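**Q** A predicted structure for the sequence below; I have some questions about it.
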Amino acid sequence: MTYQADSIVITGIGAVSAFGLGADAVWAALENGETPRALLEGEATSSPQTPYGVKVGNWNPVELLGKRGLQFLRPSTQFLLGASQLALAEAGLNEQMPDPDDLGVVIGTNLAGLQSITNYDFTAVTEGPQYVSPMEAPNTLANAPASHLAIRVQARALNTTIASGQCAGFDALGYASKMLREGRARYVLVGGVEELNERVLWMYQNSNVLPHERPEDAGRPFDGKSTGWVPGEGAAVLVLERYEDAVNRGAKPLAELVSWAASFSAPSSVEKRAKGLARAAKNALQIAKLSAEEIDLVVSGANGHHEQDRAEAMAITELFGEQRPNVDVCAIKGTLGESYGASGLFQAVAAVGALQRGTVPATAGYESEDSEAPHLPGLRAESRSFAGNHVLLTGQDLFGSASAVVLRGAGA
Amino acid sequence: MSRRIAITGLGVLSPIGIGHQEFWNNLIAGTVGTKKIKAFDTSIFDVHNGGEVDGFVPDQYFKVINPEVAGRTTQLAVAAARMAVEDAGLTGDSYEGERIGVCMGTTMGNQSVVEDDNDAQIKGGSPLIPDLVSHYAEVYISAAVAEEMGAEGPISVVPTACAAGNYAISWGADLIRDGLVDVAIVGGADAISRGCFAVFHRLGAIAPEVCQPFDVNRKGMMVAEGAGCVILEDYDKAVARGAHIYAELLGYGLACDAHHPTAPHPEGLGAKGAMQRALVEAGIGAESVNYVSAHGTGTRANDSSESRSVRDVFGVRADELPTSSIKSMLGHTMGAASAIEAVTCALTIKHGVIPPTVNFKESDPDCLNQIVPNEAMSYPVEVALSNSFAFGGNISTIIMGRV
């Protein structure tokens, strides 16, 4: 399968993650099945069980971004700026940046402004409104990372932030693809970003997704003994453009973003969640003009939360059970954690890695099957070789939305 | 872009009324809805006025979810959506759930949850209900709308600050054009927020008494709350089911100033780009537009840069073309603002009356001249253009026309 002139292709990838800078570091960690865990003692203040997280940890943003203005940016914004810089460099756009009116920004994120607005309100009330900083004002909003990014890279075509919970990254991919198809931008930086902090953990704790017991067993995708999410953070960014534009400027397409679809189903039961996800995936296949038989790998959003993972397993079974029961399945959140609005982009990064490097990522943390979920014959704990060309990404949000994306490799 | 988009239902909650009839009556009467804020103690601030939705009873609009586990922004969004769906005459039989999508915009999201928790910590109080905290997530705004309205298509939230309503409307239009849904429940919502007030207060952007867009002595914007919802529908399908069509959504344009985190580009660069792109997409020339619903916040920077961009796009006509800012009456309802302004544009086309820019005393040579000062004007509006600008230089313009 060769690309069409108007295919939307990925020409650059960047990431800031627990594994350092760049997609290579993510791929290596996924293939090795790494499971870094940091006790979230500073962030989780009210939990009976201090949970583990996957944190970006120490990194030096100055190297990548310069020193100027950095002290006014939240960690999430710094992650996004760093990942974007790397993606632009890989796409060959950093030396000569595009015309600002050709460059757009589409970011999936939900909680980038939460800590900042909480502190802003708290300080105004307890110390007085003159004690809040005007420089911090723009950081109180969810679109702060995207806004800072557009200024830094001079993107004037469009600047959209999508906040659809765990589906935000997927939906950003769908949105960005539509913008390119309509000619609203020639290049789009599409990213996902979240940060871990006290307020984010407060929301997760109240959402009943963090472990009540055995926190060391959290974050095991599809595993029967998993005790909940291991929350993650970081940023992943792709450069998207039309195939024709990419080849005309000598850029190398890494993969094609073939289709996106999404659905909502009231999350009253695992079955309803599964139905919603299966419907989104079927629609994505239909738009891609592919049958389930033609999908070679599923990069699942499973994260170690039973209700969400069972829905994933049921949806995958419904989709592939008869047509391709042995389809390769992997889940990357054992390694990267549940990075919420960023997870769709990290799944896309993992998929491009599988296509480029011919390796299915490990499903780190997966040891024993969940007796209440259908058996997935193509799910393995270990990484393995891969020769396929079509990858399906799946994800669902706690409140009932589900999204799916299909990627295609450069292929033989 | 083969499919046309009909606007078939309107819902609104605002500081000048709930429901589009009451809203419209007060709008064309020039009623000022901003006054002393009741929702929080403003004594720590130098200014005290804002716009609140009075008499809102969430129970009247919720049939499935318990509104007590929803932040006020979600409550307002569900109420606006309920009104719009009923106004459009949509019943459970009109469309399959999966053919209905939802996209809502917001600036502050469910910020009431954060502030209630801050209050509990400051004053000492019991922790919030876990479900309420969990539902802080902005996606819950659209998830709640979907659950209440039986929508099962794609849902999302666009938190593009004060331009969010237009972004949401635009995405809904794209979903219909791509054939992914037949109906999109779109709009924006924001509850009054002390944190938001603190932000604009610190930036010195809040007017002490009233909002006076385009006036030479304008003193700033006013923080307000509200929700606006419009039902977008595949035009042919709307006609086929005999729906009342208020107007047609003709196109939209996006842009980003990429200039400053909180200030607009002084020359209105992004605004100009968004308006021009919207005109191209609508397939009309600037001369076809005969009403501009301005972003018109009442700050010095916004109104002069917006005026400049309108003059750049419309040339000599700019100062004759009726342009008004309903924020003079409502204040700035944040993520709801452009959604409520979309409701306004649809009603303007329907009634042939343009709402005024009130509190106007003296013109500013840096600002537009024909701003429909103080009194509504009868005018047959064929095509309305609505601007929305936001922090981060996020800009979205939509255009709708008479059918």
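**A** Received it, and whenever you're ready, just let me know what you need.
**Q** what helix or strand is the residue nearest the centre of chain A on?
**A** Centroid-nearest residue in chain A: A:S343, 2.3 Å away (criterion: C-alpha atoms, centre = their mean). Assessed by DSSP states H and E, A:S343 sits inside helix A:343-357.
**Q** pLDDT averaged over that helix, what's the number?
**A** Helix A:343-357 shows a mean pLDDT of 98.
**Q** now check it, is it near chain B?
**A** No - applying C-beta under 8 Å from any C-beta of the partner chain, one finds helix A:343-357 separated from chain B by no less than 12.1 Å. (Each C-beta comes from the backbone N, C-alpha and C, glycine too.)
**Q** ok, now stretch A:197-211?
**A** Yes - if you take C-beta under 8 Å from any C-beta as the test, stretch A:197-211 does meet chain B, through A:199, A:202-203, A:206-208.
**Q** most neighbours out of those residues, which is it?
**A** Tallying neighbours with other C-beta atoms under 10 Å in any protein chain shown puts A:W202 at the head of the residues of stretch A:197-211 next to chain B, with 24 neighbours.
**Q** doesn't that one fall inside a helix?
**A** Yes - checked against DSSP: H, G, I helix; E, B strand; the rest coil, A:W202 lies within a helix.
**Q** rewinding a little: now the helix holding A:S343 - C-alpha only, CSV.
**A** Taking C-alpha atoms only, helix A:343-357 is exported to CSV below (Å, rounded to 0.1, in the frame of the first residue of the first chain):
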residue,chain,number,x,y,z
SER,A,343,-1.9,8.9,26.4
GLY,A,344,-3.4,8.9,22.9
LEU,A,345,-0.2,10.6,21.6
PHE,A,346,2.0,8.2,23.5
GLN,A,347,0.1,5.3,22.0
ALA,A,348,0.6,6.8,18.6
VAL,A,349,4.4,7.2,19.3
ALA,A,350,4.4,3.5,20.3
ALA,A,351,2.6,2.5,17.1
VAL,A,352,5.1,4.4,14.9
GLY,A,353,7.9,2.6,16.8
ALA,A,354,6.3,-0.8,16.2
LEU,A,355,6.0,0.0,12.5
GLN,A,356,9.5,1.5,12.1
ARG,A,357,11.5,-0.9,14.3
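**Q** show me the contacts for residue 319.
**A** Chain wasn't specified; assuming chain A. A:278, A:281-282, A:285, A:292 (C-beta atoms under 8 Å, 6 or more residues apart in numbering or on different chains).
**Q** you looked at the wrong chain, it should be chain B
**A** Counting by C-beta under 8 Å, 6+ apart, B:D319 touches B:311, B:368-370.
**Q** returning to what we had before: export the residues of stretch A:197-211 next to chain B to JSON lines and tack on pLDDT and distance to B:I185?
**A** Shown next, in JSON lines, are these (pLDDT from 0 to 100; distance: C-beta to C-beta, whole Å):
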{"residue": "A:R199", "pLDDT": "97", "distance to B:I185": "29"}
{"residue": "A:W202", "pLDDT": "96", "distance to B:I185": "30"}
{"residue": "A:M203", "pLDDT": "97", "distance to B:I185": "25"}
{"residue": "A:N206", "pLDDT": "96", "distance to B:I185": "27"}
{"residue": "A:S207", "pLDDT": "97", "distance to B:I185": "25"}
{"residue": "A:N208", "pLDDT": "96", "distance to B:I185": "28"}
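**Q** near chain B, which residues of the stretch 251-400 of chain A?
**A** Counting by C-beta under 8 Å from any C-beta, the positions of the stretch 251-400 of chain A adjacent to chain B are A:261-266, A:276, A:279, A:283, A:397-400.
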